[in-house]
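Asker: let me see the structure of the following:
(3 chains)
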Amino acid sequence: MIKSFSLRTPKRTCLIDITGDVADAVRDLGVADGTVTVYTPHTTAAVTINESADPDVARDIDLTLRKLIPHAGDYRHTEGNSDAHIKSSLLGCSETVLISDGKLVLGTWQGVFFCEFDGPRMRKVFVASSG
Amino acid sequence: MIKSFSLRTPKRTCLIDITGDVADAVRDLGVADGTVTVYTPHTTAAVTINESADPDVARDIDLTLRKLIPHAGDYRHTEGNSDAHIKSSLLGCSETVLISDGKLVLGTWQGVFFCEFDGPRMRKVFVASSG
Amino acid sequence: MIKSFSLRTPKRTCLIDITGDVADAVRDLGVADGTVTVYTPHTTAAVTINESADPDVARDIDLTLRKLIPHAGDYRHTEGNSDAHIKSSLLGCSETVLISDGKLVLGTWQGVFFCEFDGPRMRKVFVASSG
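Answerer: Next comes the predicted model:
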């Protein structure tokens, strides 16, 4: 009921389009109709759905989050990545994707993104059927 | 497994109570017990659950988001709606609603809202059963 | 299909680790494989997943949200808790948790947290199976 894939993120913060990997996992799960959860088991990363046509949208999301939640700040957690933890809770570590006839039901401009806030690293994503 | 409805949003940014439309879709889906996903296929809008009794709560959410994520800013995406994309990822394009005996299980003050961040427009909402 | 538990929050804003309560509810529901929704029916609280090892992470999330969304501000809602409503929509009133062999599938550092933004109060959390 759960498939997983890994990805290597190239820098400290960025959004990476994982729509194709999610579609592959849905096919491997054999889900025809219903919903799946795209979930990352990390606390300094997130999953979001947004525009995949123009990569500047992902850049604007990343840059604006970096302004709102600065990397250096008055934080107590001593690992230097409190900003990443906060962004993870703001965007959330999972998204629900609708499935119809084995295909992702996304809007014309929507793609699924892995959000790296404390890279570069190897990261994991789970895709789970709900039923 | 998926029902949809449309709505016309009246201005650039606003929150619109869609609890009744969601309840109608759940009835049409015939979901008795479980969960449904309320999902919007747009990248400049969101779905949230918050207080429906006092409309000033929705206005405060909208106004505060407009202060946090200004419409005009240092954005790369050239369509002039980067703020809307960013708010969409912050609030998220879907919510899960619990269903019991065919009815939405919401708290006393909770309603389901469509969040318009780049209107006015015609918009679509999907309601999907999970099972 | 729905189990609930209550908790008493100790102050106006704080994050409380409820991973153990969620695990108990999953056992009571008898969910072996799939997903559950952890849902709070309140409009001034939220549910999030983040690091449970170092309690300073939860404190940094709470303190940063208090700076971003001040308690006193130019709000219209007259109950003095608009900040709490806004934070509730930003973090969201539910999270999806993956279940395998009856156990929560969480990352090494992940825990499930109840986020209090308008306490101290008695609060309720629902855990619902999706199927």
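
Asker: quick one: low-confidence parts of chain A?
Answerer: For chain A, applying pLDDT under 70 flags the ranges A:131.

Asker: go again using 90 as the cut-off
Answerer: Regions of chain A meeting the criterion pLDDT under 90 cover residues A:73, A:130-131.

Asker: do a quick rundown of the strands in it.
Answerer: With DSSP state E, the ranges of strands along chain A come out as A:2-8, A:14-17, A:34-39, A:45-51, A:94-100, A:103-104, A:110-116, A:122-129.

Asker: for the residue in chain A that chain B sits nearest to, grab phi and psi.
Answerer: Of all residues in chain A, residue A:107 sits closest to chain B, with a separation of 3.0 Å (Cβ to the nearest Cβ). Just so you know, the C-beta spots here come from the backbone N, C-alpha and C atoms, and that holds for glycine as well. Its backbone dihedrals place residue A:107 at phi -70, psi 160, with angles given as degrees, to the nearest 10.

Asker: what about the residue of chain A found nearest chain C, neighbour count?
Answerer: Per Cβ to the nearest Cβ, the residue of chain A with the smallest distance to chain C is residue A:41, at 3.0 Å. Summarising burial for residue A:41: neighbours were counted as other Cβ atoms under 10 Å in any protein chain shown, giving 20.

Asker: flag every residue of chain A that's near chain C.
Answerer: A:1-2, A:35, A:37, A:39-43, A:68-69, A:73-79, A:82, A:85-86, A:88-90, A:92-94, A:96, A:126, A:128-131 (Cβ under 8 Å from any Cβ of the partner chain).

Asker: out of the residues you listed, who's near chain B?
Answerer: Subset of the residues of chain A next to chain C in contact with chain B: A:35, A:68, A:90, A:92, A:96, A:130, A:131, counting by Cβ under 8 Å from any Cβ.

Asker: now residue A:6: how far from residue B:57?
Answerer: Taking Cβ to Cβ, to the nearest Å as the measure, residue A:6 falls 42 Å from residue B:57.

Asker: who's more crowded, the two?
Answerer: Set residue A:6 next to residue B:57 and count neighbours by other Cβ under 10 Å: residue B:57 wins out with 29 against 9.

Asker: I figured that one was touching residue C:77, is that so?
Answerer: Yes: counting by Cβ atoms under 8 Å, residue B:57 sits close enough to residue C:77 to count as a contact (5.1 Å).

Asker: okay, and the common contacts of these two?
Answerer: When Cβ atoms under 8 Å, 6 or more residues apart in numbering or on different chains defines a contact, the residues bordering residue B:57 and residue C:77 alike are residue C:85.

Asker: mind naming the longest helix for chain A?
Answerer: Once chain A is assigned using DSSP state H, the helix that runs over the most residues is helix A:55-68.

Asker: what subset of the residues of chain A next to chain C is buried?
Answerer: For the residues of chain A next to chain C, a neighbour count by 16 or more other Cβ atoms under 10 Å in any protein chain shown gives the buried set as A:1-2, A:35, A:37, A:39-43, A:68-69, A:75, A:77, A:82, A:85-86, A:88-90, A:92-94, A:96, A:126, A:128-131.

Asker: gap between the most far-flung residue of chain A relative to its centre and residue C:67?
Answerer: In chain A, the greatest distance from the average C-alpha position (Cα atoms, centre = their mean) is reached by residue A:74, at 26.6 Å. Between residue A:74 and residue C:67 the distance, using Cβ to Cβ, works out to 9 Å.

Asker: try residue A:88
Answerer: Residue A:88 sits 18 Å away from residue C:67 when distances are taken as Cβ to Cβ.

Asker: taking the ones next to chain B among the residues of chain A next to chain C, tell me the two that lie furthest apart.
Answerer: Longest distance between any two of those is 37.3 Å, between A:68 and A:131; criterion Cβ to Cβ.

Asker: interface residues of chain A facing chain B?
Answerer: Listed as neighbours of chain B in chain A under the rule Cβ under 8 Å from any Cβ: A:33-35, A:48-51, A:54, A:56-57, A:59-61, A:63-65, A:68, A:90-92, A:95-96, A:98, A:100, A:105-110, A:130-131.

Asker: got a list of what the nearest residue to residue A:2 once chain neighbours are set aside touches?
Answerer: Distances taken as Cβ to Cβ, 6 or more residues apart in numbering or on different chains place residue A:128 nearest to residue A:2, at 4.6 Å, with adjacent residues excluded. The contact partners of residue A:128, taken as Cβ under 8 Å, 6+ apart, are A:1, A:2, A:3, A:29, A:36, A:37, A:39, C:34, C:35, C:98, C:105.

Asker: give me the beta-bridge partners of residue A:128?
Answerer: residue A:2, residue A:37 (DSSP bridges).

Asker: now do residue A:122
Answerer: The residues listed as beta-bridge partners of residue A:122 by DSSP bridges are residue A:8.

Asker: ok, it - how many residues close by?
Answerer: Applying the criterion other Cβ under 10 Å, we find 9 residues in the vicinity of residue A:122.

Asker: kindly report the same for the one 5 residues further on.
Answerer: Neighbour count for residue A:127, taken as other Cβ under 10 Å: 26.

Asker: hang on, residue A:106 packs against residue A:49?
Answerer: Yes: A contact is recorded between residue A:106 and residue A:49 when judged using Cβ under 8 Å, the distance being 7.4 Å.

Asker: more neighbours, the two?
Answerer: Legend: neighbour count by other Cβ under 10 Å for residue A:106 and residue A:49, higher for residue A:49 (25 against 20).

Asker: that one contacts residue A:94, correct?
Answerer: No: with the criterion set as Cβ under 8 Å, residue A:49 and residue A:94 do not qualify as a contacting pair; they are 10.8 Å apart.

Asker: tell me the contacts of the residue lying closest to residue A:101 once chain neighbours are set aside?
Answerer: Among residues not flanking residue A:101 along the chain, residue A:32 sits closest, at 6.5 Å (Cβ to Cβ, 6+ apart). Listed by Cβ under 8 Å, 6+ apart, the contact set of residue A:32 reads A:99, A:101, A:102.

Asker: can you flag the buried ones in these?
Answerer: Judged by neighbour count, with 16+ other Cβ under 10 Å as the criterion, the buried members of the contacts of residue A:32 are residue A:99.

Asker: which one of the contacts of residue A:32 sits closest to residue B:17?
Answerer: In terms of Cβ to Cβ, no member of the contacts of residue A:32 lies closer to residue B:17 than residue A:99, at 28.0 Å.
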